[in-house]
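**Q** A structural model of the following input is requested.
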Amino acid sequence: MSLDEKFHDDMGDNHIASSDATPLRSDAFDRTDEEKIELIKKDVEHILNTLGLDLTDDSLKGTPNRVAKMFVKEIFGGLNPAKKPSSSTFDNKYKYNEMLVEKNIVVYSTCEHHLLPIVGRAHVAYISNGTVVGLSKMNRIVDFYAKRPQVQERLTIQIVNELKRVLNTEDVACVMDAKHLCVNSRGIKDIESSTVTAEFGGRFKEESVRKEFLDYIKLDTQF
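**A** Take a look at the predicted model:
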């Protein structure tokens, strides 16, 4: 193994991200979803054939097409900017100026280093700066950024940055607790461990505000 290959293996095994932006090429959306599905289907066929599986078997015959559709339409659907949730907000007419917390948002994502699932919960909060967003919109934002090859730290940052943009406030926070199957089912095979990440903006950087948020979500981890 070359030094370059070892570096990238070590980077992936240690779940290190290269940036807080999803690494996309400039031509990422030149092909339609249907064109991508046809190309990925051939690649999945090649992988399964290489592994020695019999693709004439009724159980496996449709697997390449199913996997290709799943990649494009479902688990990596968040790569497509057309699927980004609309960013409509509403005036905070009832003058609620305290913290709003949406906790236990289910996260299904995919580790970009091994293409294995990341499964967990996100807890998101903000303090209104004059506008509010529908509760389900917070879930949709989490789901949109989760539906792409991810690193948990990046996912946490992307959720906070998007809510900052939508709400026009720095006072946004996200804590995520998730299991990585690349740790739980391969490598060290530690089925009990999970990863906790956090991103705090604006007033959430203040110890008292951060503690209030962590008390709401009943998380003992100190940041």
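
**Q** distance of the residue in the chain sticking out farthest from the centre from Lys42?
**A** Ranking residues of the chain by C-alpha distance from their mean position (Cα atoms, centre = their mean) puts Thr56 at the top, at 35.3 Å. Using Cβ to Cβ, to the nearest Å, Thr56 is found at 16 Å from Lys42. Heads up, the C-betas are built off the backbone N, CA and C, glycines and all.

**Q** got it, and Lys211?
**A** Taking Cβ to Cβ, one finds Lys211 at 53 Å from Lys42.

**Q** One more: Asn65?
**A** Separation of Asn65 from Lys42 (Cβ to Cβ): 10 Å.

**Q** Can you report how many residues lie near Tyr108?
**A** Residues within reach of Tyr108, counting by other Cβ atoms under 10 Å, total 15.

**Q** For it, which residues count as its bridge partners?
**A** Tyr108 has these beta-bridge partners by DSSP bridges: Val119.

**Q** In contact with it, which residues?
**A** Ile75, Pro117, Ile118, Val119, Asp143, Ala146, Lys147 (Cβ atoms under 8 Å, 6 or more residues apart in numbering).

**Q** Tell me which residues touch the spatially most central residue of the chain, please.
**A** Geometric centre of the chain, nearest residue: Ala146, 2.4 Å, by Cα atoms, centre = their mean. Counting by Cβ under 8 Å, 6+ apart, Ala146 makes contact with Gly78, Val107, Tyr108, Ser109, Ile118, Leu155.

**Q** Drop anything exposed from the residues you listed.
**A** Gly78, Val107, Ser109, Ile118, Leu155 (16 or more other Cβ atoms under 10 Å).

**Q** pLDDT on the helix or strand hosting Ile37, on average?
**A** Element membership for Ile37, per DSSP states H and E: helix 33-50. The average pLDDT for helix 33-50 rounds to 98.

**Q** Name the next helix or strand following that helix along the chain.
**A** Using DSSP H and E, the helix or strand that follows helix 33-50 in sequence is helix 58-61.

**Q** any idea how far that next one is from the chain center?
**A** Remark: helix 58-61 is offset 31 Å from the chain centroid, using Cα atoms, centre = their mean, to the nearest Å.

**Q** next one: stretch 145-160
**A** Its chain's C-alpha centre and that of stretch 145-160 lie 4 Å apart, by Cα atoms, centre = their mean.

**Q** Run a quick check on Tyr145 versus Asn161, I expect a contact.
**A** No - taking Cβ atoms under 8 Å as the definition, Tyr145 is not a contact partner of Asn161, at 9.4 Å.

**Q** So these two - more neighbours on which side?
**A** Set Tyr145 next to Asn161 and count neighbours by other Cβ under 10 Å: Tyr145 wins out with 23 against 17.

**Q** What's the separation between the more buried one and Asn139?
**A** Using Cβ to Cβ, we find Tyr145 at a distance of 12 Å from Asn139.

**Q** Now do the same for the closest residue to Ser19 other than its chain neighbours: helix, strand or coil?
**A** Leaving aside its sequence neighbours, Ser19 sits nearest to Arg154 (Cβ to Cβ, 6 or more residues apart in numbering; 7.6 Å). Here Arg154 takes the helix state, with states given by DSSP: H, G, I helix; E, B strand; the rest coil.

**Q** For this protein, just list every one of the helices.
**A** 3-13, 33-50, 58-61, 63-69, 135-146, 152-167, 181-184, 207-216 (DSSP state H).

**Q** if you compare those helices, which one is most tucked away?
**A** Stretch with highest mean neighbour count among the helices of the chain: helix 152-167 (a mean of 21; mean count of other Cβ atoms under 10 Å).
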